[in-house]
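> Following is a predicted model, sequence given first.
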Amino acid sequence: KSVMFGAQAPGLVDTPLAARVDARHQSWAAQLPEDTGELWDVLSAFDSDSREALFAHCVALTLNATHDSYNRRPRALAHAGRLAEAMSLDLVAAGWVPNVDNYLGRVTKARILQAVCEAKGEQAAQRIEGLKKDAMAEAAAQVLMGTGWLPEPLRTKGVVTCVTPRDDDAETIDQDGAAETASLDCGEEAEGSAFTTDAALAAE
């Protein structure tokens, strides 16, 4: 199944990044006149740094790198990916953390296991493999905490966020009665254990 996000995650507007964007927007709104007839005079009085900062803010508000199954925009997403690369966009630094609401509860068990396998190693994934979906998502959220792991659509090419997996560091998950599991395939790791993709969400 697709790993793309079909809807905005709950609580997205309450993230630290969203709060900073809103504060910046309010700051610019306070500096601009309510009468549009006075706008050009005010803009002309700004120094070049202020005008460039305002322009960047306005452009940032128009960026949309959302993957929609009903509205495929390969060229727009490619441009968004290039912009993310140029900015070294780091969603981990921006405060995004995988949890049940924003990712783990929205994907298949296979995707959950893949995430844990990539971030913490094969043994960590095996420890939760026998759990039911809800319990697996909760357990995975604990395991992934602090690892810097990101889903594919949120990864920026060239930006290292996730540490190299170490099975001996994996948390012990209580799995009463779970049967022994076969070896899991974590998939190919990106260069230097940096999980990368050309598709990234636009942020500050």
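Perfect, thanks for sending it.
> Would you map the helices across the protein?
Under the criterion DSSP state H, the chain carries helices at the ranges 16-31, 39-45, 48-62, 74-87, 109-120, 122-128, 133-144.
> May I see those organised as TSV, with distance to residue 97 added?
For every residue, glycine as well, the C-beta is placed using N, CA and C. Formatted as TSV, the helices of the chain follow (distance: least, CB to CB, whole Å):
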stretch	distance to residue 97
helix 16-31	11
helix 39-45	39
helix 48-62	22
helix 74-87	19
helix 109-120	12
helix 122-128	17
helix 133-144	8
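> Pretty sure residue 28 sits against residue 54.
Yes: using CB atoms under 8 Å, residue 28 makes contact with residue 54 at a distance of 6.0 Å.
> Can you find the helix or strand of this structure with the lowest average pLDDT?
Lowest on mean pLDDT, DSSP states H and E among the helices and strands of the chain sits helix 74-87, with a mean of 90.
> so what's residue 18 closest to, chain neighbours aside?
Spatial nearest neighbour of residue 18, chain neighbours left out: residue 12 (6.5 Å); criterion: CB to CB, 6 or more residues apart in numbering.
> Compute the number of surrounding residues for that neighbour.
12 (other CB atoms under 10 Å).
> now it: how far from residue 125?
Taking CB to CB, to the nearest Å as the measure, residue 12 and residue 125 are separated by 27 Å.
> How about residue 149?
In terms of CB to CB, residue 149 sits 12 Å off from residue 125.
> So for these two, which residue has more residues nearby?
The neighbour comparison of residue 149 against residue 125 (other CB under 10 Å) goes to residue 125, with 28 against 25.
> so that one makes contact with residue 119?
No: contact between residue 125 and residue 119 fails when scored by CB under 8 Å: they sit 9.2 Å apart.
> Now the most centrally placed residue in the chain: closest residue in space that isn't a chain neighbour?
In the chain, the residue lying closest to the centroid (CA atoms, centre = their mean) is residue 154, at 3.9 Å. Spatial nearest neighbour of residue 154, chain neighbours left out: residue 91 (4.7 Å); criterion: CB to CB, 6+ apart.
> Around the one you found, count how many other residues there are.
Counted with other CB under 10 Å, the neighbours of residue 91 add up to 22.
> Let me know the pLDDT of it.
Each residue has a pLDDT score; the one for residue 91 is 89.
> Let's see the distance spanning stretch 98-112 from one end to the other.
The separation between the terminal residues of stretch 98-112, taken as CA to CA, to the nearest Å, is 10 Å.
> Start the count at 197 instead of 1 going forward.
Fine by me, first position is 197 from now on; the one you just mentioned is stretch 294-308.
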